[in-house]
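J.: only geometry, no sequence info:
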């Protein structure tokens, strides 16, 4: 129930959902010309600003660069990998697939190959539609990919029940306590790392952050402020990619705020 209302609430306050809600109200209030024009203008402004590089890039930077990549990752007991970027083998997919957030899996594999930790703890619940023959958890999907890459099954632990970051921290903390693990390297997307660190530390887990899947390389902000005249003109116009990036950043800031209110971080 929490997950349903959380998803519904967030969908309505993200830029696209909020703009659509404004346009819907404008249609309902067609007879009230003043309010119709205001709502339409507000919806357009939300979409334009949300898709603007001048909004998306600073927001993403403010989250992603809170935790710099570790050059020499310390040796620990376990690498914890939070789910993201895996899709189950639901027809017509021939196997488990990964998207951009699948960089978490690749980074975790690299850390394992480097001998950072002897075990990988993968966390994440349902990736496919429940009840389908192909249904499996995100953790199982990540495990399938890692085993295909050569990681032995005995080196992989799984938390298959977590639906969100808080549940991942709680469930992983229990597993780590059972295994007598004291320190972990935490792998997740850079934009998600501030919230993930906070909730894991709240559960008493000693965490070394290992962010990956950076949307903002170091030169992105420079290009935004010191680009050519043509680039500056292009920066003024919105794009779907930057609307998605703004949405991701808002999602994280809202998540941090809610988690603090609930005492989870």
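T.: Happy to help now that I have it. This one's a predicted model, so the numbers in the text were calculated from it and none came from an experiment.
J.: Buried residues of the lengthiest helix in the chain, list them for me.
T.: The longest helix of the chain (DSSP state H) is helix 240-261. For helix 240-261, burial by neighbour count (16 or more other C-beta atoms under 10 Å) applies to 242-252, 254-256, 258-259. Every residue, glycine included, has its C-beta placed from N, CA and C.
J.: Tell me which two of those sit farthest apart.
T.: 242 and 259 (25.6 Å; C-beta to C-beta).
J.: re the thing from before, residues making contact with the longest helix of the chain?
T.: 6, 10, 13-16, 47, 50-53, 55-57, 59-60, 62-63, 165-166, 191-192, 194-195, 198-199, 215, 265 (C-beta atoms under 8 Å, 6 or more residues apart in numbering).
J.: Recalculate using a threshold of 7 Å.
T.: Contacts to helix 240-261, defined as C-beta atoms under 7 Å, 6 or more residues apart in numbering, come from residues 10, 14-16, 50-53, 55-56, 59-60, 63, 166, 191-192, 194-195, 198-199, 215, 265.
J.: Could you check how far it is from the centre of its chain?
T.: 9 Å (C-alpha atoms, centre = their mean, to the nearest Å).
J.: Can you classify the most centrally placed residue in the chain by secondary structure?
T.: By C-alpha atoms, centre = their mean, the chain has its centre lying nearest to residue 192, at 4.9 Å. When classified by DSSP: H, G, I helix; E, B strand; the rest coil, residue 192 comes out as helix.
J.: residue ranges of the strands in the stretch 101-250 of the chain, please?
T.: Assigned by DSSP state E, counting those that start in this stretch, the stretch 101-250 of the chain shows strands spanning 119-123, 156-159, 183-189, 206-212.
J.: Could you spell out the sheet neighbours of the first one, each with its direction?
T.: Strand pairing for strand 119-123, determined by DSSP bridges: strand 78-82 (parallel), strand 156-159 (parallel).
J.: Inside helices: which ones of the contacts of helix 240-261?
T.: 10, 15-16, 50, 53, 55-56, 59-60, 63, 166, 194-195, 198-199.
J.: Please consider this matter closed, and thank you.
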